[in-house]
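Enquirer: what follows is a protein structure lacking sequence information:
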């Protein structure tokens, strides 16, 4: 069985690498014949540092579907078309927004070094933080802060984009139209009703809609409407739920 895991707030916490107990639980799934796929809002670049090296070749969906990787290589990226990208850049300037903008690998970050998300950006220095004007394409945009959030949201909703608002982090997450985690999973050959999904936030809704079984970590209202099961956000409980899959799930 394919088992898809969101990362932050689902199996890793406070931006730290997977704990030893979490890695052991995932390894048991693999030993039991299951295939693990990671699906995150993070770009592939920033997924790698929180995963053990032996999992770097696992299939991954990053950037909420904007990046897809298999066997250690990125096999697909989806970026904003030039007109939409130019409009987003103008809005960032107009509303004096702090941002994290990802291209196919490098990125542009304008926020404070004290911002909680900063420590999660390229800690292994695999890429370069370059001026926004020098990025050759934009795959994903995160608005970290603006004093004009509501006004900016009104303008963003006029664009052909997908917007996720992470209220607990105070950020606005933007992807190209038609991009989500389920779209990314399909590029890896995942079929409807033939996988299990773990997630904790709005950007996991698309894969929950197509999963055979879905486990909500925490109390996200919209996810709970689709989830077949739930578990608390306590890491030990999540580990136990993963271990239970070995007992109740047959390998397909």
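Expert: Cool, the structure landed. Every value quoted in this text rests on a predicted model; they were computed, and no experiment measured them.
Enquirer: got any ranges where the protein has weak pLDDT?
Expert: The chain contains residues with pLDDT under 70 at 167-169, 248-252.
Enquirer: domain-wise, how is it divided?
Expert: 2-77+180-248, 82-176 (automatic domain parsing).
Enquirer: now the strands for the stretch 151-252 of the chain?
Expert: Under the criterion DSSP state E, counting those that start in this stretch, the stretch 151-252 of the chain contains strands at 161-166, 171-176, 195-199, 213-217, 229-231.
Enquirer: thinking again about what came up before, can you list the domains of the chain in JSON lines and add mean neighbour count?
Expert: Glycine gets a C-beta too; all of them are placed from N, C-alpha and C. JSON lines is the format used below for the domains of the chain (neighbours: other Cβ atoms under 10 Å):
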{"stretch": "domain 2-77+180-248", "mean neighbour count": "19"}
{"stretch": "domain 82-176", "mean neighbour count": "16"}
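Enquirer: contacting residues around residue 179?
Expert: 63, 64, 65, 66, 78, 162 (Cβ atoms under 8 Å, 6 or more residues apart in numbering).
Enquirer: any idea how far the closest residue to it other than its chain neighbours lies from residue 150?
Expert: Closest residue in space to residue 179, ignoring its immediate chain neighbours: residue 65 at 4.3 Å, by Cβ to Cβ, 6 or more residues apart in numbering. With distances taken as Cβ to Cβ, to the nearest Å, residue 65 is found 26 Å from residue 150.
Enquirer: same check, this time on residue 212
Expert: Counting by Cβ to Cβ - residue 212 and residue 150 are separated by 39 Å.
Enquirer: try residue 199
Expert: Relative to residue 150, and taking Cβ to Cβ, residue 199 is found at 27 Å.
Enquirer: is residue 108 in a bridge, and if so with what?
Expert: residue 101 (DSSP bridges).
Enquirer: what about stretch 120-133, distance to the chain center?
Expert: Put simply, stretch 120-133 sits 17 Å off its chain's centre (Cα atoms, centre = their mean, to the nearest Å).
Enquirer: residue 122: what secondary structure?
Expert: With DSSP: H, G, I helix; E, B strand; the rest coil as the basis, residue 122 sits in coil.
Enquirer: that one reaches residue 129, doesn't it?
Expert: Yes: at 7.5 Å, residue 122 counts as touching residue 129 under the criterion of Cβ atoms under 8 Å.
Enquirer: need the overlap of contacts for those two.
Expert: Common neighbours of residue 122 and residue 129, counting by Cβ under 8 Å, 6+ apart, are residue 107.
Enquirer: quick check: which element contains residue 74?
Expert: Assigned by DSSP states H and E, residue 74 belongs to strand 73-77.
Enquirer: what is the subsequent helix or strand relative to that strand?
Expert: That would be, after strand 73-77 and using DSSP H and E, helix 82-94.
Enquirer: for that next one, name the packing helices and strands.
Expert: Judged by 3 or more Cβ pairs under 8 Å, 6 or more residues apart in numbering; DSSP states H and E, helix 82-94 is in contact with helix 149-156.
Enquirer: please name every helix or strand in contact with the helix it packs on.
Expert: Using 3+ Cβ pairs under 8 Å, 6+ apart, helix 149-156 sits against helix 82-94, strand 161-166, strand 171-176.
Enquirer: could you check the angle helix 82-94 makes with it?
Expert: 160 degrees (axes from the mean of the first three to the mean of the last three Cα atoms, to 10 degrees).
Enquirer: how far off centre is helix 149-156?
Expert: 23 Å.
Enquirer: the stretch 1-150 of the chain: helices as residue ranges?
Expert: 20-31, 44-47, 82-94, 149-156 (DSSP state H, counting those that start in this stretch).
Enquirer: possible to save the helices and strands packed on helix 149-156 as TSV with distance to residue 32?
Expert: Listed next are the helices and strands packed on helix 149-156 as TSV, based on distance: least, Cβ to Cβ, whole Å:
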stretch	distance to residue 32
helix 82-94	44
strand 161-166	33
strand 171-176	33
